[in-house]
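> When you get a sec, could you give me coordinates for this:
(2 chains)
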Amino acid sequence: MKNVQNQKRANKSLPFFFRDEFRVSLVIILISVALLITTFTFDIVPPILNRGIQPATFPKALLVLIIVMTMLIYYLATKNPWKVEKKLPRSFFLTLSSFVIFVVVSKTLDFFLAISALSIFVSYCWGEKRLFYLLLVGIIFPIIVFIFFETILGLRFPPGIITNIYYN
Amino acid sequence: MDNLLLMLAPLFSSKLLLVLFFGTLFGLILGVLPGLGPTTGGALILPFTMTLDPLSAIVLLTSIYCAGTYGGAITAVLINTPGTPAAAATCLDGYPLAQKGEAGRALGMATVSSTVGGIFSVVILVFFAPILAQLAYEFGQPEYFALAIFGLTMLASIGEGSPIKNLIAGAFGILISTVGKDFMTSIDRFTFGINELTEGIGFIPVVVGLFAMSEMLTQSTLINQIFNRIALKAIKLPSKDDYKKTWKTILRSSGIGSFIGVLPAEGGTVASLIGYSEAKRFSKNPEEFGKGSIEGIAGAEAANNAATGGAMVPTLALGIPGSATTAVILTGLIIHGVRPGPDLFREQPDFLYGIFGAMLIANILFFIFGFFGAKIFARITLVPNKILWPMIFAVSVCGTYSLNQSIIDVWIMLFFGVLGFFMRRYGFSVVPVIIGLILGELVEGTLRQSLVIFDGNWLMFFTRPIALTFFILSLIALAFPLIRSRKFKKNNDKV
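Numbers count the residues shown, from 1 in each chain, chains lettered A, B, ... in the order given. Okay, here's the model as predicted:
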């Protein structure tokens, strides 16, 4: 409890634009405004065919509601600041970047290779240095999962350098 | 009598028994592993259920739900980390009792009270779900709209997070449900020219992303965490003295848990906290709470398992999820083409009573597995995260891909994983997003159809007594967290 209070006090001492509540609220409002603008590009149903409200009305109302509630949480946070979150460790950023690597590899090279690469990379970054376990999580287990999905669920994985060899 | 026979049907089907056996075992393993639990586990197994018939699929998910909720207690008692959020209150007395060398006694009480709570809630489910479904026959579009709004406003009071943040997350969930072709006019909304988005965003990528992938990112920040595991010799059944001390607490908490479970969007976490605090309030020895009170364990565990059956009541009778895991079960029902609601009770009683029976058997099975296998399950916590989570990633990716064979779904899952991580980091619960996504179509559909019926006159909603009742309940649900925080502040000031 005391720790949380200290973290809150630490947050209050920061300039407002460095505080989490400001940054989070700003991001939500900016995204909501961008989406709200998008709703004005939705097609309009001609009055003769329209029954009830226009397709854009409901999302518009939701976005306005989100913006208003976000302003409210920011206002409340000025009175009762959020606690300062601990800095994210290196392992988090490595895991996050592995997601990006996964997307790139799965799109350009191979789906299986992407899973395999991510598994080995994450396991290694999280502290696993033993070769057998890296092979287990990066090759043996994905092969088992692939075969399971292929045979039991009848799934066909997207083409790629390794899956093409398997299917041929 | 017929219904009782229908309930016993799973016992006479070798396939269903096998599914129950596997589901209970899997649920226990998921419950024991911190960060997984029945919600994430249910989300992970959803794609696999497509190979099963609807009854087997839902039996699998419900058995995971029952056993997973209990499994969290094993970790709570032995390593002071709740395997599931619903077991958080169990840590308060379970771990101190284990530290005194009575881990077996603590787990024995957790097992017995969980089983009693679970069975009690199934009885509630069997009696109340059909009554609620019968009432739902009176509902038209405006009533369903008001009910869905009530379900959403209940999000304000879930967990310990900020009510407004929960409501924002719920509104965001509804917003996701509007992506794709508008169901009334076929006009594209938020598709940004991406063909794959015209069909909307699927449940599974969002569920797996928000629960499993965001948890993987959370675990990446905890890789240096060390658990001190207390050794367990064997589980001990509670003594006569323990039974004498706790039977009233177990029954009271079972009632509380079932009631909290029935409320839309609430669940085991809230139930266990209230069950625990009520056990303390009624106890002759409240000073023992937090130091290893056997009543504390009984109060929390009976309540969180009782919430399982309770939460299935609105899920099956109205299609409104009673908790995070039942939101996953509801997703399972929807992807299997089963529409929950009153018609389900009239048209498929064998399906429903099969689920009730399976839940009853799952509660008995996890008692047996827990009693004889807790020592083995406790060892599962030793599987290092650096091995476990890459494996979960492989299963999540293949599972998400398998549903539509779409790589876009996998990317959506990863996007929601990152989003879920930051949501949790800044105090936004991810559960309301799922509930909003599930209820989104119902909210918008019933609203627009009601407005057609009312010729665009909004005020007509308030002329319907049932709808008006739900609107009043919604206002109460919104005001409740405010009253609760004021009361809490007042109590703190007194202290």
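
> Tell me, how many residues neighbour residue 92?
Went with chain A since none was named. 19 (other C-beta atoms under 10 Å in any protein chain shown). C-betas here are computed from N, CA, C, even on glycine.

> Chain B is the one I meant
Close neighbours of residue B:92, defined as other C-beta under 10 Å, add up to 21.

> And residue A:97, by the same measure?
Applying other C-beta under 10 Å, we find 12 residues neighbouring residue A:97.

> before we move on, what about the one 5 residues further on?
If you count neighbours by other C-beta under 10 Å, residue A:102 ends up with 24.

> Which of the three states applies to the residue located most distally from the centre of chain A?
Centroid-distance maximum for chain A: residue A:48 at 41.6 Å, with C-alpha atoms, centre = their mean. Here residue A:48 is coil, with the state taken from DSSP: H, G, I helix; E, B strand; the rest coil.

> Next one: it relative to chain B, how far apart?
According to C-beta to the nearest C-beta, to the nearest Å, residue A:48 and chain B sit 13 Å apart.

> What backbone torsions are found at that residue?
Backbone torsions for residue A:48, taken as degrees, to the nearest 10, come to phi -70, psi -30.

> Next, the contact list for it, please.
Neighbouring residues of residue A:48 by C-beta atoms under 8 Å, 6 or more residues apart in numbering or on different chains: there are none.

> what does residue B:315 give?
Residue B:315 neighbours (C-beta under 8 Å, 6+ apart): B:321-322, B:326, B:329-330, B:340.

> Just give the closest residue to it, not the sequence neighbours.
Sequence neighbours aside, residue B:326 is the residue nearest to residue B:315 in space, at 4.3 Å (criterion: C-beta to C-beta, 6 or more residues apart in numbering or on different chains).

> Distance from the chain centre to whichever helix or strand the one you found is part of, please.
Using DSSP states H and E, residue B:326 falls within helix B:324-335. Taking C-alpha atoms, centre = their mean, to the nearest Å, one finds helix B:324-335 lying 10 Å from the centre of the chain it belongs to.

> Buried residues of the longest helix belonging to chain A, list them for me.
Ordering each helix of chain A by length in residues (DSSP state H) puts helix A:57-79 first. Along helix A:57-79, these residues count as buried under the neighbour rule (16 or more other C-beta atoms under 10 Å in any protein chain shown): A:57-60, A:62-63, A:65-67, A:69-70, A:73-74, A:77.

> Domain map for chain A?
Per the record, chain A has its domains at A:2-79, A:90-167, by automatic domain parsing.

> okay, these, which one's buried deepest?
Across the domains of chain A, averaging neighbours per residue (mean count of other C-beta atoms under 10 Å in any protein chain shown) puts domain A:90-167 on top, at a mean of 17.

> all helices for the stretch 201-350 of chain B, in order.
B:203-208, B:214-220, B:240-262, B:268-282, B:294-318, B:324-335, B:342-347, B:349-380 (DSSP state H, counting those that start in this stretch).

> same check, this time on chain A
Taking DSSP H as the test, the helices found in chain A are A:2-12, A:20-39, A:57-79, A:90-108, A:111-125, A:131-135, A:141-152, A:161-167.

> so which of these comes closest to residue B:112?
Residue B:112 lies closest, by C-beta to C-beta, to one member of the helices of chain A: helix A:2-12, at 35.6 Å.

> middle-most residue in chain B, spatially?
residue B:325 (3.0 Å).

> any idea how far it is from residue B:151?
With distances taken as C-beta to C-beta, to the nearest Å, residue B:325 is found 16 Å from residue B:151.

> Now do the contacts for the residue in the stretch 51-200 of chain B that chain A sits nearest to.
Here the stretch 51-200 of chain B gets closest to chain A at one residue, residue B:182, 4.0 Å apart by C-beta to the nearest C-beta. When contacts are counted by C-beta under 8 Å, 6+ apart, residue B:182 touches A:55, B:188-189.
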